[in-house]
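Enquirer: Could you work out the structure for the sequence below:
(one chain, ligands or ions: 2)
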Amino acid sequence: MTPIVPPGSPRCTAARFGEGRGPSLRRLRGPTLVAGLFLAACGSGAGDAAPRESAADTSGELPTAGTERFPLVPASAAIDQVNRLPRNPLTEAIEADSATAERIRFGYRVARDPRAFGAAEFVGNDLACFSCHMNGGQREGALPLVGVAGLFPQFRNRDDRMVSLRERIDGCFMRSMNGTPPPPDHPVALALQAYIHWLSEGQPEGESPPWRGQNRIPEEARLAIEDLDLSKGRRLYADKCAQCHGDDGQGLDVGLATPAPLWGDRSWNDGAGASRIWTFAGFIRYAMPLNAPGSLTDEESQHIAAWVNSQDRPVFPTKAADYPGGGRPGDAVYDTLVFPVHPLKARLGADRP
Ligand code: HEC
Ligand code: HEC
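Expert: Ligands and ions are numbered 1, 2, ... in the order given. The predicted structure is shown next:
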């Protein structure tokens with residue numbers, strides 16, 4: 001990997017999100033692309049709320065996944081493509097009345113930088129929607145949001161009832177963003193739905209697109225909770241993740257992007273999907289590490305997920321009310337109804353190398 005520049009280096013400001021982001025990827029293709037990109041570690045700038053405008057649209061030049069109608073950034077794309085957007089609502093003509101088009105653009109901005117674009121009061125950590133739903137929700141293997149609007153309302157076990165798209169988004173606000181849901185008619189709520197609908201235009205209603213649900217560890221590869229190895233997870237974390245997410249999981253500014261905290265008070269809470277081992281490992285397996293995505297095995301991803309989820313994070317107070325109809329997942333290590341004692345924290349003392 002390209003060397004990391006020490007904090008305080010002048011390069012830190014040279015390649016931030018935004019207009020002055022340095023040479024476009026278009027001009028840096030081929031060997032120059034690899035040689036010309038760098039990661040600048042600029043200390044903990046994860047809370048920096050500078051608006052991130054004008055992501056470069058290089059979709060015409062780089063390999064694309066998905067379909068012609070629904071182009072996606074391929075799961076193999078590394079950090080040099082972190083700002084790539086196959087479809088950019090800020091630059092693309094939107095076929096809708098001007099109020100709807102404005103709402104779609106606003107939804108994109110909120111999802112990319114909620115604290116700078118009117119959603120600060122609903123967010124309780126340093127994440128953005130696009131921290132996990134990467135590349136504007138238009139990336140294969142990183143929980144893509146393309147083509148999912150028509151699948152709602154949908155029955156969800158966690159709620160034991162039908163859930164609308166708005167309620168599904170609220171779930172991510174309360175858990176992944178450790179916040180509170182915006183009121184149903186709030187501009188933020190309407191805008192996020194508008195953006196996700198825009199990403200789904202033309203997808204047959206009720207039909208799950210083939211790129212959905214790919215962030216999964218197959219059942220036969222899942223490790224039992226007692227077989228998760230925290231020492232292995234810790235070593236792998238130090239080796240594969242810490243250079244971008246920090247030694248203490250706190251998140252860093254790496255110049256092209258700000259990978260967010262993976263634990264601690266500014267991360268997702270223990271009611272989030274990412275607090276479940278197999279769910280989280282499915283994200284790591286296909287989306288990370290962003291300098292070599294896809295390079296970890298199912299097993300390694302689970303040890304890392306175990307290490308990360310053995311650390312402290314915010315508490316989701318009402319998680320005991322989840323799954324009222326039963327069927328609580330067996331990888332929810334924070335769920336006191338499944339594990340009266342957190343099985344990884346309990347082992348931490350003994351396992352710590
Ligand atoms: C910490 C990571 C994380 C963050 C941050 C996050 N989400 Fe999610 N989101 C997930 C996971 C995990 C799922 C479940 C995916 C699955 O079931 O395959 C999900 C599911 C969804 C879905 C349903 C997708 C589908 O295919 O059914 C929507 C819509 C969604 N999120 C929107 C948002 C929005 C909007 C935000 C910001 C307010 C957000 N998410 C923030 C992790 C995250
Ligand atoms: C080369 C830098 C890099 C490495 C190495 C890396 N990540 Fe990331 N990671 C990122 C970036 C950048 C994002 C945010 C993507 C975005 O905003 O589009 C991210 C996002 C994430 C997210 C979404 C939620 C959050 O808090 O940011 C998780 C979870 C994650 N990474 C886990 C990992 C794990 C686990 C490893 C090690 C296996 C890892 N990452 C290695 C750069 C990296």
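Enquirer: which residues touch the residue lying closest to Gln203 once chain neighbours are set aside?
Expert: Counting by C-beta to C-beta, 6 or more residues apart in numbering, Gly147 is the residue found nearest to Gln203 once chain neighbours are left out, at 3.9 Å. Every residue, glycine included, has its C-beta placed from N, CA and C. Contact analysis of Gly147 by C-beta atoms under 8 Å, 6 or more residues apart in numbering lists Phe70, Leu199, Ser200, Gln203, Pro209, Trp211, Arg212.
Enquirer: now do 7 Å
Expert: Phe70, Ser200, Gln203, Pro209 (C-beta atoms under 7 Å, 6 or more residues apart in numbering).
Enquirer: what's the neighbour count on Leu199?
Expert: Residues near Leu199, counting by other C-beta atoms under 10 Å, number 25.
Enquirer: got it, and Pro184?
Expert: 11.
Enquirer: My read is that it contacts Arg166, right?
Expert: Yes - when contacts are counted by C-beta atoms under 7 Å, Pro184 is listed as touching Arg166 (6.3 Å).
Enquirer: where does the stretch 51-200 of the chain come near ligand 2, residue by residue?
Expert: Ile79, Val82, Leu127, Phe130, Ser131, Cys132, Met134 (C-beta under 6 Å from any ligand atom).
Enquirer: show me what contacts Leu72?
Expert: Contacts of Leu72 (C-beta under 7 Å, 6+ apart): Thr64, Ala65, Gly66, Pro86, Gln138, Arg139, Glu140, Pro144, Val146, Trp211.
Enquirer: Assumed Met162 was part of a helix.
Expert: No - per DSSP: H, G, I helix; E, B strand; the rest coil, Met162 lies outside any helix segment and is strand.
Enquirer: closest to Pro329 among the contacts of Gly147?
Expert: Pro209 (23.9 Å; C-beta to C-beta).
Enquirer: In contact with the closest one, which residues?
Expert: Counted by C-beta under 7 Å, 6+ apart, Pro209 has contacts Phe70, Val146, Gly147, Gln203.
Enquirer: Let's see if you can find the most crowded of those residues.
Expert: Val146 (27 neighbours).
Enquirer: Per-residue pLDDT of it, please?
Expert: Val146 carries a pLDDT score of 97 in this model.
Enquirer: quick revisit: got a markdown table for the contacts of Pro209, with secondary structure too?
Expert: A markdown table is the format used below for the contacts of Pro209 (three-state DSSP):
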| residue | secondary structure |
| --- | --- |
| Phe70 | coil |
| Val146 | coil |
| Gly147 | coil |
| Gln203 | coil |
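Enquirer: now the residues you listed in JSON lines, with distance to Trp278?
Expert: Output for those, formatted as JSON lines (distance: C-beta to C-beta, whole Å):
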{"residue": "Phe70", "distance to Trp278": "27"}
{"residue": "Val146", "distance to Trp278": "24"}
{"residue": "Gly147", "distance to Trp278": "24"}
{"residue": "Gln203", "distance to Trp278": "27"}
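Enquirer: between those residues, which is nearest Gly179?
Expert: Val146 (24.1 Å).
Enquirer: And that closest one, how far from Pro183?
Expert: As judged by C-beta to C-beta, to the nearest Å, Val146 and Pro183 stand 27 Å apart.
Enquirer: Enumerate the residues of the stretch 201-350 of the chain near ligand 1.
Expert: Arg212, Gly213, Asn215, Trp268, Ala272, Gly273, Ala274, Thr279.
Enquirer: from these, which ones fall inside helices?
Expert: Thr279 (DSSP state H).
Enquirer: and the residues of the stretch 201-350 of the chain next to ligand 1, which two are the farthest apart?
Expert: Longest span within these, C-beta to C-beta: Arg212 and Trp268, 20.8 Å.
Enquirer: If you count surrounding residues, which of the two has more?
Expert: Trp268 (27 against 15).
Enquirer: contacting residues around that one?
Expert: So, once contact is read as C-beta under 7 Å, 6+ apart, Trp268 ends up touching Asn125, Leu127, Arg175, Ser176, Asn178, Ala274, Ser275, Arg313.
Enquirer: The first one and Arg175 touch, don't they?
Expert: No - counting by C-beta under 7 Å, Asn125 sits too far from Arg175 to count as a contact (10.4 Å).
Enquirer: In three-state terms, how would the spatially closest residue to Pro259 that is not a sequence neighbour be classified?
Expert: Excluding its sequence neighbours, the residue lying closest to Pro259 (C-beta to C-beta, 6+ apart) is Cys244, at 4.5 Å. Following three-state DSSP, the label given to Cys244 is helix.
Enquirer: Perfect, that will be all.
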